[in-house]
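Asker: Could you look at this predicted model? Sequence included:
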Amino acid sequence: MAKTGIFYATGKGFTKTACEILASELGGAEIFDIENTDVAKISRFELIILASSTYGDGELAPAWKDKLDELDELDELDFTGKKVALLGVGNRERHGDHFAESIVHFLPKIKNATLVGKDRSDYTGFNASLAREANGEFIGLVLDIKGDEEYAKRISAWAKKLA
């Protein structure tokens, strides 16, 4: 069984860029654009990273929507014993009421997994995010690639936590 698989959907390429940096930092992680990937591949990995850009009012990237329904139909995909980390990309200024919260849509699908990679971001300039817990931690790594020149350093630090 392969060690780490990164599955992403992107619109303008920002999430793809983040995932490519992350794969490089993790060394040996396999990376998949979910739009062109059979979701059954997810079962091959011990650490599964699910990544999405955020649209509108906190929605997943369109390519993920149908794929999440397919996850429910896969009898062989059981997240028990698997580690899952979430990566959300958003824009604090433009979508300040739903910053990077697309990743919350993964939670019902990964109920039996061990969620890893929570992150305490120092981002400001947004009003709300369902991806942020009451204690201030995000349920995964959240990034504002357009508004943060240091985003690659955030990815590197998160990769070290995951490793």
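Answerer: Good, I have the coordinates.

Asker: Hmm, A128 is touching F99, no?
Answerer: Yes - look at A128 against F99 with CB atoms under 8 Å: they come within range, at 7.2 Å. All C-beta spots, glycine's among them, are computed from the backbone N, C-alpha and C.

Asker: Looking at the two, which is more packed in?
Answerer: Legend: neighbour count by other CB atoms under 10 Å for A128 and F99, higher for F99 (28 against 12).

Asker: What score does that one have for pLDDT?
Answerer: pLDDT recorded at F99 is 94.

Asker: What of M1?
Answerer: The predicted local confidence for M1 is 48.

Asker: Ok, S53 next?
Answerer: On the pLDDT scale, S53 is placed at 94.

Asker: helix or strand for it, which one?
Answerer: Assigning secondary structure by DSSP states H and E places S53 in strand 45-55.

Asker: next structured bit after that strand?
Answerer: Sequence-wise, the next helix or strand downstream of strand 45-55 (DSSP H and E) is strand 59-60.

Asker: State the next helix or strand along the chain beyond that next one.
Answerer: Next along from strand 59-60, by DSSP H and E: helix 62-73.

Asker: what packs against the helix or strand of the chain with the lowest mean pLDDT?
Answerer: When the helices and strands of the chain are scored by mean pLDDT, DSSP states H and E, helix 62-73 comes last with a mean of 84. Judged by 3 or more CB pairs under 8 Å, 6 or more residues apart in numbering; DSSP states H and E, helix 62-73 is in contact with strand 2-9.

Asker: which is the next helix or strand following the strand it packs on?
Answerer: From strand 2-9, the next helix or strand downstream (DSSP H and E) is helix 14-26.

Asker: buried residues in the very next helix or strand once past that next one?
Answerer: Of the helices and strands lying after helix 14-26 in sequence (DSSP H and E), the nearest is strand 30-33. Neighbour counts over strand 30-33 (16 or more other CB atoms under 10 Å) mark 31-32 as buried.
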